[in-house]
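S.K.: sequence first, predicted coordinates after that:
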Number of protein chains: 2
Amino acid sequence: MRWEDLDQQPCSLARTLSVIGDRWTLLILRDCFLKVRRFESFELRLGIARHILADRLKKLVEAGVLDKVLYQERPRREEYRLTRKGLDLYPVLLAMLEWGDAYMADPEGPAVIRRHKKCGAVLASRPVCTSCGEAVTAHDVSVEAGPGAGDADIYLHAATAVRSSSA
Amino acid sequence: MRWEDLDQQPCSLARTLSVIGDRWTLLILRDCFLKVRRFESFELRLGIARHILADRLKKLVEAGVLDKVLYQERPRREEYRLTRKGLDLYPVLLAMLEWGDAYMADPEGPAVIRRHKKCGAVLASRPVCTSCGEAVTAHDVSVEAGPGAGDADIYLHAATAVRSSSA
DNA sequence: ATCGTTGGTTCCGTTTCCGAACCCTAGAAG
DNA sequence: CTTCTAGGGTTCGGAAACGGAACCAACGAT
């Protein structure tokens, strides 16, 4: 599978990866959520090659995740801001941050802690079902073909592998 | 920044990326959550080069995300199973799946829908604070230095970028 | 005139990725 | 006791992505 084919796959995970499934892109987005907006700020904070940074920012703008906003005429200056679509990636970042806190942190703990403004507690989150409000774990979820399913029932159950014969 | 340096960064997101921040790894994990366990099954479903698959599986085992379990002697056969650490990645996958459903699906809808077993509804989830139970969005969260913070306050606020001078 | 700032683009050498082909172990079959 | 098949990899050469450094350009300041 080619990188560019990912967004054609009948799988929402693959399609999401076509936008954010890159070593640098998620780090750029992390900084966006920390209110970093300028080309040079990204460069300094990430130590990324400018070439690569320009490419990733362009792709994120094309994908509708970031918006390039003029914030000053004369001299003309633009900044990159998260769109609604970009802001909606927060649950992804948050889940990754918390998993990293739990399993990858130094012995003394993570470098950054997040606090929930509403209640003041150090933030730990978990996904809940918007219908019933109950927590959701892998075991609580079943999958079935959706409206956009072609012959893609491959995504519904473990394939019975048969090498070099008809599936 | 080098790929191998990611897990040394004082940032949980970077460290998480050092494990799952790869084009193929998340697709492999998606299949793991669909109960795919055998080398050949991954290969068939993903169309991945065997070499790359072997490498990714090895890294996931080394990272403690998958476990290589002997399920049959004579002939010796092993399968890959999610560990607790791996299962705890579900919120990451789920958030990515739902974002893809929302923004990247075909007009007729996503190929797969997930159903919450407990209530029977088509699953949509959102992260909530485990302390107060309220929903968490990017705007509800503040960041501060944690116990593992060195001089890494860079992660707390947008750096004021100063090119080629002392920070 | 020329210097500094911001935000890039071009070049080129090095890694990393990928597809195809090959290899090894072990039972089954003749 | 040789061959066949299945599972699970490893090797190799070309393609793509990455990283560093240099170059470019618009525009204001000195």
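M.R.: Cool, got the structure. Please read these numbers as outputs of a predicted model, since none were measured by experiment. Residues are numbered from 1 along each chain as shown, chains lettered A, B, ... in the order given.

S.K.: okay, now the sheet partners of the lowest-mean-pLDDT helix or strand in chain A, with direction.
M.R.: Within chain A, no helix or strand scores below strand A:66-72, which has a mean of 88 by mean pLDDT, DSSP states H and E. Pairing partners of strand A:66-72, with direction, according to DSSP bridges: strand A:77-82 (antiparallel).

S.K.: just give me the neighbour total for the residue in chain A positioned nearest to DNA strand D.
M.R.: Residue nearest to DNA strand D within chain A (Cβ to the nearest atom of the strand): residue A:74, separated by 3.2 Å. Backbone N, C-alpha and C define where each C-beta goes, glycine included. Counted with other Cβ atoms under 10 Å in any protein chain shown, residues neighbouring residue A:74 total 5.

S.K.: next: residue A:103.
M.R.: 18.

S.K.: residue B:85 is in contact with that one, correct?
M.R.: Yes - using Cβ atoms under 8 Å, residue A:103 makes contact with residue B:85 at a distance of 5.6 Å.

S.K.: which parts of chain A sit against DNA strand C?
M.R.: Within chain A, the positions lying close to DNA strand C (Cβ under 7 Å from any atom of the strand) are A:1-3, A:38-40, A:50-51, A:54-55, A:57-58, A:75, A:77-79.

S.K.: which of those are buried?
M.R.: A:38-39, A:57, A:79 (16 or more other Cβ atoms under 10 Å in any protein chain shown).

S.K.: list just the nearest of those to residue A:145.
M.R.: residue A:57 (36.9 Å; Cβ to Cβ).

S.K.: can you check the pLDDT for the residue nearest to that closest one when sequence neighbours are not counted?
M.R.: Of all residues not flanking residue A:57 in the chain, residue A:80 sits nearest, at 6.0 Å (Cβ to Cβ, 6 or more residues apart in numbering or on different chains). If you check residue A:80, the pLDDT there is 96.

S.K.: repeat for residue A:12
M.R.: Per-residue confidence at residue A:12 stands at 94 (pLDDT).

S.K.: could you do residue A:65 as well?
M.R.: 97.

S.K.: ok, now which ones touch it?
M.R.: When contacts are counted by Cβ atoms under 8 Å, 6 or more residues apart in numbering or on different chains, residue A:65 touches A:19-20, A:29, A:82-83, A:85-86, A:89.

S.K.: can you rerun that using 6 Å?
M.R.: A:85-86 (Cβ atoms under 6 Å, 6 or more residues apart in numbering or on different chains).

S.K.: before we move on, what about residue A:56?
M.R.: A:24-25, A:28.

S.K.: just residue A:64 next, same as before
M.R.: A:83, A:85.

S.K.: and residue A:45, how many neighbours?
M.R.: 19.

S.K.: do whichever strand or helix holds it and chain B meet?
M.R.: Using DSSP states H and E, residue A:45 falls within helix A:39-46. Yes - using Cβ under 6 Å from any Cβ of the partner chain, helix A:39-46 reaches chain B at A:40-41, A:44-45.

S.K.: export these to CSV and tack on pLDDT?
M.R.: Compiled in CSV, the residues of helix A:39-46 next to chain B are given as follows (pLDDT from 0 to 100):
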residue, pLDDT
A:40, 93
A:41, 94
A:44, 91
A:45, 91
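
S.K.: show me the two of the residues you listed that sit farthest apart.
M.R.: Of all pairs in the residues of helix A:39-46 next to chain B, the most separated under Cβ to Cβ is A:40 and A:45 at 9.5 Å.

S.K.: can you pull out the helices in chain A?
M.R.: A:12-20, A:25-33, A:39-46, A:50-62, A:84-87, A:90-103 (DSSP state H).

S.K.: would JSON lines of those with distance to residue A:111 be doable?
M.R.: Shown next, in JSON lines, are those (distance: least, Cβ to Cβ, whole Å):
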{"stretch": "helix A:12-20", "distance to residue A:111": "22"}
{"stretch": "helix A:25-33", "distance to residue A:111": "12"}
{"stretch": "helix A:39-46", "distance to residue A:111": "14"}
{"stretch": "helix A:50-62", "distance to residue A:111": "23"}
{"stretch": "helix A:84-87", "distance to residue A:111": "24"}
{"stretch": "helix A:90-103", "distance to residue A:111": "9"}
